[in-house]
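*Asks:* below is the sequence, then the predicted model.
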Amino acid sequence: MQRRLTWHLQLWVTLLTAAFLIVPAIQSILAGLTVNYFRGLSSGLTLKWLGQVWELYADSIFLSLWLAFTCLIATLVIGVPAAYALARNPGRISRALEEFISLPLAVPGLALALALLQLYGTMKGFRTSWAFILVGHVLYTLPFMVRSVLAVLAAMDFKTLEESAATLGATPFTRFRTIVVPNAMPGILAGALTVVTLSIGEFNLTWMLHTPYLKTLPVGLADSYASMRLEIASAYTLIFFVMIVPLLMAMQWASARAQRIAQ
Amino acid sequence: MSLRLFVAACLVPLAIFTLAFLALPLIRLVQASAESPAGWQIYLQILQTPRYLETLLNTVLVSLAVSLLALIISTTAGLFLARNQFFGRGLLLSVLTLPLAFPGVVIGFLIILLGGRQGLVNQLLPGHVVFAYSLLGLFLGYLYFSIPRVLLTVMAAVEKLDPALEEAARTLGASPMRIVIDVLLPGLAPSLVAAGAIAFATAMGAFGTAFTLATNIDVLPMVIYTEFTLSANIAMASALSILLGLVTWSLLLIARSLAGTTVPAGG
């Protein structure tokens, strides 16, 4: 009897929580597609709001995609070789370095943005370019790439593979290219999807670093929430959901796969 | 090129980037905090100014309440989902972890759709029920992004628990309540503390949600933002963000030493 009671209690807590999370998201999707949200669905469905969002904010969508792409390239170039070097020399110094580059995960973006602004705010050409926002995004996403690749490398015996290749005359760079990178691929893939997902959604740093002419998608969202009618804000949010949800699912799939390999 | 040299070369891009855009800016931030007439006394000033103290207290209390409720909800749901197989379980799990990638601003907007002037609650209930811009709205926003993170940590921990312990307790005649208190909670304790610390640290630093909702509420990230942009009190903004960074960083360090890994932060 008591057992049934606890079971039902658990079920209801779970269902209510899921409702709390999904109901406003569904509301937002519907609001972006209805003619007049206040009158409800009976006012009819429309794509008008999506069209208006496109006119107003298409630039922000392209800027976000561009930033995500360049951020991915930067984290690959910086993060993958670094993860290899850290895996090659495990020890206290590597741990400390990993800890230090992970600071942006623990320190709020607002604080990091203030730090960047105070050091580089006076360099006008840099301050007003998209590269300044990119620096913030790389800072925030780099630890995910390094850790993801490092976890896969730490779990496998790539040193033995490398040694056999070395005896056959392969140079360190050839070994890195033909042995380390292919073997680390699940970690690189998981890291890459995480980097892109987080970059597209990043707001805290970007809000402080952006200029009026460089609005990313989340910055544009904040702008529309403050100044546009509810239907336009919702349609814009809908576009964001359409971009971020498949990425999130791919990221969760790739991370689970990388974790299985790392165990 | 020798292997040693190659491995060292692999670290060069990271070293340059981290030095230029993390180490030096952070040093500059610490310096900047002491550049007001008060000098290093500014940290003492935080503790002596009622407005800052109140803000600190507000932020800590809201974050604490959010972490506790997120722990209770997520542990209940996590145990339920980990221990039961039923139709729609996968869908339920997706719904519960989906908000992981939502930025704080979007979550703020979703809370406005629930509790704003044109919100669902205001439409369904008689009278004028608007809570999105109050402390309750902020609390719900923080709860919204904490639940998925805590849930994932709890579920990972539940999977590592030995089901035999629970079965043994049941055959010995323990009630479900006793099993939870004597078997499950002690086993989950380290992960629960870690998940709670993550939720607390994320809520302390959450800027996006506060930016959308907390127009009238003093929470730490909002006060830092207004000090910097409106009052141009750069030293105080720097000092407050260093304080905030130290709190969240040390909490996450504790969390990681307890649970091993942390779930991506955001907000």
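*Replies:* The structure has been received and is ready for your questions.
*Asks:* what helix or strand is A:Q259 on?
*Replies:* helix A:230-262 (DSSP states H and E).
*Asks:* show me which parts of that helix are buried, residue by residue.
*Replies:* A:230-241, A:243-245, A:247-252, A:254-255, A:258-259, A:261-262 (16 or more other CB atoms under 10 Å in any protein chain shown). C-beta: built from backbone N, CA, C; applies to glycine.
*Asks:* go on, stretch A:209-222?
*Replies:* Applying 16+ other CB under 10 Å to stretch A:209-222 flags A:209-210, A:214-222 as buried.
*Asks:* farthest-separated two in those residues?
*Replies:* A:L209 and A:L221 (16.1 Å; CB to CB).
*Asks:* quick one on the thing from earlier: so which of the buried residues of stretch A:209-222 are also by chain B?
*Replies:* Applying CB under 8 Å from any CB of the partner chain to the buried residues of stretch A:209-222, one finds that A:218, A:221-222 fall near chain B.
*Asks:* just to revisit the earlier point, check whether the helix holding A:Q259 contacts chain B.
*Replies:* Yes. Using CB under 8 Å from any CB, helix A:230-262 reaches chain B at A:230, A:233-234, A:237, A:240, A:244-245, A:247-249, A:251-252.
*Asks:* so which of the residues you listed comes closest to chain B?
*Replies:* Nearest to chain B among the residues of helix A:230-262 next to chain B: A:L248, at 4.2 Å, using CB to the nearest CB.
*Asks:* quick one, what contacts the residue nearest to the closest one when sequence neighbours are not counted?
*Replies:* Once flanking residues are discounted, A:L248 sits nearest to B:A101: 4.2 Å by CB to CB, 6 or more residues apart in numbering or on different chains. Going by CB atoms under 8 Å, 6 or more residues apart in numbering or on different chains, B:A101 touches A:197-198, A:201, A:244-245, A:247-248, A:251, B:266.
*Asks:* now distance to B:A157 and pLDDT too, for those residues, in TSV please.
*Replies:* TSV is the format used below for the contacts of B:A101 (distance: CB to CB, whole Å; pLDDT from 0 to 100):
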residue	distance to B:A157	pLDDT
A:T197	24	95
A:L198	24	94
A:G201	26	94
A:I244	27	93
A:V245	26	92
A:L247	27	94
A:L248	22	91
A:M251	21	92
B:G266	21	43
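*Asks:* burial of A:F126, as a residue count?
*Replies:* Residues within reach of A:F126, counting by other CB atoms under 10 Å in any protein chain shown, total 12.
*Asks:* dump the residue contacts of it.
*Replies:* A:120, A:132.
*Asks:* where's it relative to A:V135, distance?
*Replies:* In this view, A:F126 and A:V135 are 9 Å apart by CB to CB, to the nearest Å.
*Asks:* same question for A:R88.
*Replies:* For A:R88, the distance to A:V135 (CB to CB) stands at 27 Å.
*Asks:* and these two? which has more neighbours close in?
*Replies:* Set A:R88 next to A:V135 and count neighbours by other CB under 10 Å: A:V135 wins out with 23 against 20.
*Asks:* got a pLDDT number for the closest residue to chain A within chain B?
*Replies:* With CB to the nearest CB, the shortest gap between chain B and chain A falls at B:G205, namely 3.0 Å. Note for B:G205: predicted pLDDT of 89.
*Asks:* tell me how many other residues crowd it.
*Replies:* Neighbours of B:G205 (other CB under 10 Å): 30.
*Asks:* which one of the buried residues of stretch A:209-222 is nearest A:L193?
*Replies:* A:L217 (17.4 Å).
*Asks:* nearest residue to the closest one in space, please, no chain neighbours.
*Replies:* Nearest to A:L217 is A:S64, by CB to CB, 6+ apart, at 4.0 Å.
*Asks:* hang on, isn't the one you found packed against A:I200?
*Replies:* Yes. In terms of CB atoms under 8 Å, A:S64 counts as a neighbour of A:I200; the distance is 5.3 Å.
*Asks:* overlap in contacts of those two?
*Replies:* A:217-218.
*Asks:* taking the centroid of the chain, which residue is nearest it?
*Replies:* By default, I'm working from chain A. The residue lying closest to the centre of chain A (CA atoms, centre = their mean) is A:L198, at 1.3 Å.
*Asks:* that's the wrong chain, I wanted chain B
*Replies:* Taking CA atoms, centre = their mean, chain B has its central residue at B:T202, 2.2 Å away.
*Asks:* I'd assumed B:R149 was in contact with that residue.
*Replies:* Yes. With contact defined as CB under 8 Å, B:T202 counts as touching B:R149 (7.0 Å).
*Asks:* show me chain B divided up by domain.
*Replies:* Using automatic domain parsing, the domain parsing of chain B gives B:1-33, B:40-259.
*Asks:* no further questions, thank you.
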